[in-house]
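Trainee: Sequence first, predicted coordinates after that:
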Amino acid sequence: MKILVINSGSSSIKFKLYDMETKTALCKGLVEQIGMPNAHAKIITKNGTVLEKTGYIDDHGLGIDVMNELLFGSKVLSSLDEIDGVGHRVVQGADLFDDAVLIDDEVLETIRNLIPLAPLHNPAHLAGMKETLRIRPDIPNVAVFDTVFHQTMPKSSYMYPLPFEFYEKYKVRKYGAHGTSHQFVAKAGAKVLGIDFDKFSCITLHLGSGASISAIKDGKCIDTTMGLTPLEGLMMGTRCGSIDPAIVPFLMKNANLSGEEIDTIMNKKSGLLAIGGTNDMREIEAKMDAGDENAKLAFDMFVLRIKKYIGAYIAILGEINAIIFTAGIGENDARVREAVCSGLEIFGIRMDKDKNAAPHDEPRWVGLPETKVRIIIVPTDEELAIAEDTVRIINSCKKS
Ligand code: ADP
């Protein structure tokens with residue numbers, strides 16, 4: 001069974017084709033700068049074939065055509081008939097989807113109605129879906145939502161202490177993000193420890209350019225750091241994370257900035273970039289080693305916020321089996337992991353520093369053997385998780 005996974009963004013289409021018998025990616029590719037003069041498309045196959053294309057790609061329709069050209073040109077596919085299903089990543093499903101779903105007109109309409117909650121992402125996802133459906137309406141397309149895993153949060157976690165009408169009229173509540181990744185790495189962590197997922201409790205730390213933490217009890221998410229939007233929670237590459245909300249009106253008044261300008265600053269010009277001068281953790285650490293005090297401050301602030309959430313989540317979870325690190329920083333940065341875990345011994349979290357520092361591609365635990373809470377590193381694979389969900393939904397539709 002071959003499943004194509006598409007992550008359609010506002011100016012890009014990322015794609016990956018999976019052979020689901022072996023769970024291997026046959027290729028991955030990207031069409032970027034759609035609508036701009038310097039559009040660029042690239043595919044890399046499992047066998048190392050690389051094909052590229054540059055030029056003007058007007059819109060997502062042409063973007064999907066270029067993707068197909070690359071799939072055929074690299075000989076990964078000889079016909080679209082070989083694809084058994086397409087899985088689409090969708091950032092925002094709000095509280096209207098508690099599972100992945102086969103895409104039909106009603107689903108498209110619902111995703112469209114959620115645009116106010118994800119004005120950059122949902123229109124781009126819709127464009128990708130419409131094009132794949134236009135080209136081959138007979139191939140099942142499945143929407144896999146980043147928000148689904150967080151739908152099990154209790155109301156006390158997802159409500160904001162704001163007037164009720166904001167929730168009722170505008171759906172203002174916590175939805176979370178990175179749900180596919182949190183679920184994927186939590187399941188992998190449970191497997192590493194040989195514990196059934198529905199009896200597994202853990203804290204998952206997705207630390208990439210965007211970063212979030214989830215509290216998982218008996219296989220279900222009960223809280224997560226991202227909120228109505230992916231701005232809440234941790235300090236990130238360019239996002240500030242949680243700050244005193246009164247800073248916004250303060251800056252509007254005193255710095256003469258509009259709400260929109262502050263929103264852009266909080267999303268694109270804050271975080272590691274604002275404090276340490278770069279949004280790349282590797283560069284932060286290089287600068288820090290060269291004596292840059294602001295880079296050290298950025299590192300310390302990043303780590304401090306993570307530790308605060310770990311403490312908070314242990315307080316609401318009680319006993320946990322593991323804390324799980326994933327994504328660019330979580331998987332690769334031993335120094336961040338060590339800094340995060342230092343001082344957490346009181347919670348039964350004790351790191352084996354040598355194991356932590358040893359590079360490895362497979363999920364593994366790096367805690368000391370006698371510790372109660374395992375420290376596990378799991379490479380995330382959101383696309384594989386989307387492909388697996390796509391197969392599950394297609395099969396369940398066949399049965400019913
Ligand atoms: P996203 O998918 O959100 O764009 P990633 O998961 O790719 O983000 O993570 C990007 C972050 O991971 C960057 O801050 C980058 O510096 C960091 N990173 C990637 N590789 C390493 C590494 N080997 N060591 C330390 N940090 C790394």
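Mentor: Noted; the coordinates are in hand.

Trainee: where along the stretch 51-200 of the chain do the strands fall?
Mentor: Along the stretch 51-200 of the chain, counting by DSSP state E, counting those that start in this stretch, strands occupy 85-90, 101-102, 141-145.

Trainee: Would you mind giving these as JSON lines with mean pLDDT added?
Mentor: Output for those, formatted as JSON lines (pLDDT from 0 to 100):
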{"stretch": "strand 85-90", "mean pLDDT": "96"}
{"stretch": "strand 101-102", "mean pLDDT": "97"}
{"stretch": "strand 141-145", "mean pLDDT": "97"}
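
Trainee: Could you save those as JSON lines and add columns showing mean neighbour count and distance to residue 4?
Mentor: Backbone N, C-alpha and C define where each C-beta goes, glycine included. Putting those into JSON lines (neighbours: other C-beta atoms under 10 Å; distance: least, C-beta to C-beta, whole Å) gives the following:
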{"stretch": "strand 85-90", "mean neighbour count": "26", "distance to residue 4": "5"}
{"stretch": "strand 101-102", "mean neighbour count": "19", "distance to residue 4": "15"}
{"stretch": "strand 141-145", "mean neighbour count": "27", "distance to residue 4": "9"}
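
Trainee: For those strands, give me TSV that also has distance to the ligand.
Mentor: Converted to TSV, the strands of the stretch 51-200 of the chain look like this (distance: least, C-beta to the nearest ligand atom, whole Å):
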stretch	distance to the ligand
strand 85-90	12
strand 101-102	24
strand 141-145	16
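
Trainee: what comes up buried for stretch 355-370?
Mentor: Using 16 or more other C-beta atoms under 10 Å as the burial criterion, the residues of stretch 355-370 that qualify are 355-356, 363, 365-367.

Trainee: Out of these, which comes closest to the ligand?
Mentor: Of all the buried residues of stretch 355-370, residue 356 has the smallest distance to the ligand: 12.9 Å, by C-beta to the nearest ligand atom.

Trainee: residues contacting the closest residue to the closest one other than its chain neighbours?
Mentor: Taking C-beta to C-beta, 6 or more residues apart in numbering, and ignoring the residues beside it in sequence, residue 356 has residue 366 as its nearest neighbour in space, at 4.3 Å. When contacts are counted by C-beta atoms under 8 Å, 6 or more residues apart in numbering, residue 366 is found next to 337, 351-352, 355-356, 375-377.

Trainee: Name the nearest residue to residue 103, ignoring sequence neighbours.
Mentor: Closest residue to residue 103 in three dimensions, ignoring its sequence neighbours and counting by C-beta to C-beta, 6+ apart: residue 141, at 4.3 Å.

Trainee: Flag every residue of the stretch 101-250 of the chain that's near the ligand.
Mentor: 208-210, 237 (C-beta under 6 Å from any ligand atom).

Trainee: where along the stretch 201-350 of the chain do the strands fall?
Mentor: For the stretch 201-350 of the chain, the strands defined by DSSP E, counting those that start in this stretch occupy 202-207, 211-217, 220-224, 322-326.

Trainee: As a markdown table, those with mean neighbour count and mean pLDDT would be great.
Mentor: Output for the strands of the stretch 201-350 of the chain, formatted as a markdown table (neighbours: other C-beta atoms under 10 Å; pLDDT from 0 to 100):
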| stretch | mean neighbour count | mean pLDDT |
| --- | --- | --- |
| strand 202-207 | 28 | 98 |
| strand 211-217 | 27 | 98 |
| strand 220-224 | 23 | 98 |
| strand 322-326 | 27 | 96 |
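
Trainee: what pLDDT does the residue in the stretch 251-400 of the chain positioned nearest to the ligand get?
Mentor: Minimum separation of the stretch 251-400 of the chain from the ligand (C-beta to the nearest ligand atom) falls at residue 328, amounting to 2.0 Å. pLDDT for residue 328: 93.

Trainee: How about it: what's its closest non-neighbour residue?
Mentor: If the residues on either side of it in the chain are set aside, residue 328 comes closest to residue 208, at 4.3 Å by C-beta to C-beta, 6+ apart.

Trainee: Filter the residues of the stretch 101-250 of the chain next to the ligand down to the ones in helices?
Mentor: Using DSSP state H, the subset of those located in helices is empty.

Trainee: Tell me the one among the residues you listed nearest to the ligand.
Mentor: Using C-beta to the nearest ligand atom, residue 208 comes nearest to the ligand of those, at 2.5 Å.
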